[in-house]
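Undergrad: Return a 3D structure for these sequence lines:
(one chain, ligands or ions: 1)
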Amino acid sequence: MAVRRVVMMTDMEGAAGVTSFEDQGHATGRYYEAARRIVTAEVNAAVEGLLDSGVEEILVIDGHGPGAIHFESLHPQARLMHGRPIALAAECAKILPGCDATCLVGQHARCGVADGTMNHTQSSATIEHYSLNGTEIGETAQWALFSGSFGVPTIFLSGDDAACREASDLIPGITTAAVKQGLSRSAAISLAAGKAHELIRSQIRAAVERHNREPIAPLVWPGPYVLEKRFLFTNAVDGYRGHRLLHRIVDARTVQLAADDIREIIYA
Ligand SMILES: [Zn+2]
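TA: Numbering: from 1, shown residues only. Below is the predicted model:
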């Protein structure tokens, strides 16, 4: 069955031209507005590629903490889920059952990947690592496993080359578009914006066409699940005392949560 409805999760740190949390990623950054336009142009290129491949409905989720979509520039064929706070898991649980595939645009590598530009997992200010059943995971795995629990495969990712590598290791058959080569956490070699857009548009189209021919399996790992979260500071652990999924406090900066249902734990 051909892909008709797609949910596109977006972030800022994997876009070409973005290297700085302080200047671009944070809402107070001097280039934040410019970075939002950069991200939105990449999102629009992905929307174009999806339309080229016959997709009819596209929901874009603004996944970057303070927001990364410049609304006035958003492609007219896309709808946007945005605003904060947002109960991401609960809202996506309503939407994913009716969708055929998901994709990630502007994605970065998980925290601790040396050549991943702006590598982090969820909060760049508080989290050192996540591991699920002993395997280190980042935001790509979180999203693919959550989508996968609804039977929806993640078929495309654009971001820096470390994010693309992470996706390929995780999801057999995924198509990627590397728009930036990480040199360190805060330096990169980026494609020019126009080249990044061409690459994203052609690769996401290829992803859908490939999936229509040879379907990619939804990502599902066997349960039950233990999610270990290691934080930079002890106050984060204090906040988990009494948490309903708490399995074990490992040490002053590390907790383990446990659940049988991936949907309950992956964004807990
Ligand atoms: Zn982000």
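Undergrad: C-alpha only now, for contacts and for neighbours.
TA: Will do.
Undergrad: Helix, strand or coil: sort out residue 145 for me.
TA: helix (DSSP: H, G, I helix; E, B strand; the rest coil).
Undergrad: what residues are up against residue 8?
TA: 58, 59, 60, 61, 102, 103, 104, 105 (Cα atoms under 8 Å, 6 or more residues apart in numbering).
Undergrad: So the fourth one: helix, strand or coil?
TA: Following three-state DSSP, residue 61 is assigned to strand.
Undergrad: Next one: it from residue 78, what distance?
TA: 10 Å (Cα to Cα, to the nearest Å).
Undergrad: Those two: which is more packed in?
TA: Set side by side, residue 61 and residue 78 show more neighbours around residue 61, with 22 against 17, by other Cα atoms under 10 Å.
Undergrad: so the more buried one makes contact with residue 83?
TA: No - judged on Cα atoms under 8 Å, residue 61 makes no contact with residue 83 at a distance of 9.8 Å.
Undergrad: one step back: closest to residue 139 among the contacts of residue 8?
TA: Checking the contacts of residue 8 against residue 139 by Cα to Cα gives residue 104 as the nearest, at 10.0 Å.
Undergrad: and the stretch 51-200 of the chain, which residues reach the ion?
TA: Counting by Cα under 5 Å from the ion, the stretch 51-200 of the chain comes close to the ion at residue 64.
Undergrad: Look up phi and psi at residue 255.
TA: phi -120, psi 160 (degrees, to the nearest 10).
Undergrad: do the same with residue 211
TA: The phi/psi pair for residue 211 (degrees, to the nearest 10) is phi -70, psi -40.
Undergrad: That one and the ion: what is the separation?
TA: Residue 211 sits 27 Å away from the ion, going by Cα to the ion, to the nearest Å.
Undergrad: Now the terminal residues of stretch 226-236, how far apart.
TA: This stretch, stretch 226-236, spans 18 Å end to end (Cα to Cα).
Undergrad: For the remainder of this discussion, apply numbering that starts at 11.
TA: All right, first residue 11 from here; so that's stretch 236-246.
Undergrad: Could I get the buried residue list for it?
TA: By neighbour count on 16 or more other Cα atoms under 10 Å, the buried set for stretch 236-246 is 236, 237, 238, 239, 240, 241, 242, 246.
Undergrad: what mean pLDDT would you report for it?
TA: Here stretch 236-246 scores 95 as its mean pLDDT.
Undergrad: What are the phi and psi values at the residue of the stretch 161-278 of the chain found nearest the ion?
TA: Nearest residue of the stretch 161-278 of the chain to the ion, counting by Cα to the ion: residue 169, 11.5 Å away. Main-chain torsions, residue 169, degrees, to the nearest 10: phi 170, psi -160.
Undergrad: That one touches residue 126, doesn't it?
TA: No - look at residue 169 against residue 126 with Cα under 8 Å: they stay out of range, at 9.7 Å.
Undergrad: what residues do those two have in common as contacts?
TA: residue 118.
Undergrad: Nearest to the ion within the stretch 61-210 of the chain, name that residue for me.
TA: For the stretch 61-210 of the chain, Cα to the ion, closest residue to the ion: residue 74, 3.8 Å.
Undergrad: And the residue nearest to that residue when sequence neighbours are not counted, what's its pLDDT?
TA: Counting by Cα to Cα, 6 or more residues apart in numbering, residue 74 lies nearest to residue 21, which is 4.7 Å off, once chain neighbours are set aside. If you check residue 21, the pLDDT there is 98.
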